[in-house]
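# Structure for the following, please:
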Amino acid sequence: MLKDAANQDFRPVKTILVSQPEPGSNSSPFGELATKWNIKVDFRPFIQVDPVTDKEFRKNRIKLDDFTSIILTSKNAVDHFFRICEEQRVTMPATTKYFCLTEAVANYLQKFIIYRKRKVFLGQKTINDLHPYLIKHKDNEKFLLPTSNLRSKTVCSFLESEGIQFTEVMMYKTVSSDLSDLSDITYDMLCFFNPQGIASLFENFPDFKQNNTRIAVFGKHTQDAALERSLKVNILAPTEKAPSMTMAIEQYLENSNKK
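This is a model prediction of the structure:
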């Protein structure tokens, strides 16, 4: 949890832009927040995932079916691993082992394979959760780690420290979305969940001035990215009092939008 050290700067909020895709459910926490406080909440992804093309991938000179174990860190990694398998006309053997960072990733894997528990190993949150499984198989398996252009630095460092031989290969790219249509739109609050969202803001609007716009961030890395750009962070999550972004925003609104 982060220490609640944000610069509150309480002023009324009527509009919020969340730098994520719009939730599929109308009963999302942000929807409830909008209704309760009679404010407008818009959603717009600041980043997008683009595929590495078949031509780009071939430059790696990698044969996917040479690998006996795949380490999957996200749903994007799952999607693009099997996309490239299809484009390369490769069918992974039924004996292939999959090491999934979380249960959600493991469950998502069922879209592509017949799920057999003995071949799928899952962690709870971090690569450390997979430690006993990776160590058990490290001498007999050839590991592949599908990544994006941002790499999986924590995962790579862990594997290297444990002496696990693996091949890292970029299969997708996380890039800034085109936000040019927002150039004449002003929001009272911008809400960020990752450093790439902050980078996208300044890539699209190099001359962005915060002025009275409140900045809400989730996570230390996002906070650091905001501070590096000289942004004033007004709302910070997770903290002990506000483990979620919407809870942190609500606590701010209780002071800024007093009735």
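# What distance separates the opening and closing residues of stretch 119-132?
15 Å (C-alpha to C-alpha, to the nearest Å).
# what comes up buried for it?
Burial within stretch 119-132, assessed by neighbour count using 16 or more other C-beta atoms under 10 Å, is assigned to 120-123, 127, 130. No exception for glycine: its C-beta is placed from N, CA and C like everyone else's.
# Counting residues, which strand of the protein comes out longest?
strand 166-176 (DSSP state E).
# Show me where this structure has its strands.
15-18, 40-43, 47-51, 69-72, 97-100, 120-122, 143-148, 166-176, 189-192, 214-218, 233-237.
# Nearest to residue 100 among the buried residues of stretch 119-132?
Residue 100 has its nearest neighbour among those in residue 122, at 4.6 Å by C-beta to C-beta.
# wait, what's in contact with the residue nearest to that closest one when sequence neighbours are not counted?
Spatial nearest neighbour of residue 122, excluding adjacent residues (C-beta to C-beta, 6 or more residues apart in numbering): residue 106 at 4.1 Å. Residues near residue 106 by C-beta atoms under 8 Å, 6 or more residues apart in numbering: 98, 100, 120, 122.
# Okay, domains of this protein per the record?
Domain assignment for the chain, taken from automatic domain parsing, gives 15-46+179-256, 51-174.
# Can I get those domains in TSV including distance to residue 9 and mean pLDDT?
Compiled in TSV, the domains of the chain are given as follows (distance: least, C-beta to C-beta, whole Å; pLDDT from 0 to 100):
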stretch	distance to residue 9	mean pLDDT
domain 15-46+179-256	5	93
domain 51-174	31	92
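# At the geometric centre of the chain, which residue do we find?
residue 194 (6.9 Å; C-alpha atoms, centre = their mean).
# separation between the nearest residue to it once chain neighbours are set aside and residue 195?
In this structure, residue 194 finds its nearest non-sequential neighbour in residue 222, 5.6 Å apart by C-beta to C-beta, 6+ apart. As for residue 222, its distance to residue 195 is 6 Å (criterion: C-beta to C-beta, to the nearest Å).
# what does residue 121 give?
29 Å.
# Equivalent analysis for residue 248, please.
18 Å.
# One more: residue 185?
23 Å.
# The two: which is more packed in?
The residue with more neighbours, out of residue 185 and residue 195, is residue 195; 21 against 11, by other C-beta atoms under 10 Å.
# Could you tell me which residues make contact with that one?
Here residue 195 is in contact with 221-222, 224-225 (C-beta under 8 Å, 6+ apart).
# and the closest residue to it other than its chain neighbours, how many residues sit next to it?
In this structure, residue 195 finds its nearest non-sequential neighbour in residue 225, 3.6 Å apart by C-beta to C-beta, 6+ apart. A count of nearby residues for residue 225, using other C-beta under 10 Å, gives 21.
# Was I right to think residue 225 contacts residue 198?
Yes - proximity of residue 225 to residue 198 meets the contact threshold set by C-beta atoms under 8 Å, at 4.2 Å.
# Which ChimeraX command selects the buried ones in the contacts of residue 195?
Buried residues among the contacts of residue 195 (16+ other C-beta under 10 Å), as a ChimeraX selection:
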select :222,225
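# Can you lay out the contacts of residue 195 as TSV showing distance to residue 166?
Shown next, in TSV, are these (distance: C-beta to C-beta, whole Å):
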residue	distance to residue 166
221	24
222	28
224	28
225	28
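# Can you tell me which of the contacts of residue 195 end up in helices?
Among the contacts of residue 195, the members found in helices (DSSP state H) are 221-222, 224-225.
# any idea which of the residues you listed is the one closest to residue 113?
For the ones in helices among the contacts of residue 195, the nearest to residue 113 is residue 221 (32.1 Å; C-beta to C-beta).
# picking that back up, show me the two of the contacts of residue 195 that sit farthest apart.
Pairwise over the contacts of residue 195, using C-beta to C-beta, the maximum falls at 222 and 224, 7.3 Å.
# before we move on, the earlier item: any idea how far the residue nearest to residue 122 is from residue 75?
11 Å.
# swap in residue 160?
Counting by C-beta to C-beta - residue 160 and residue 75 are separated by 25 Å.
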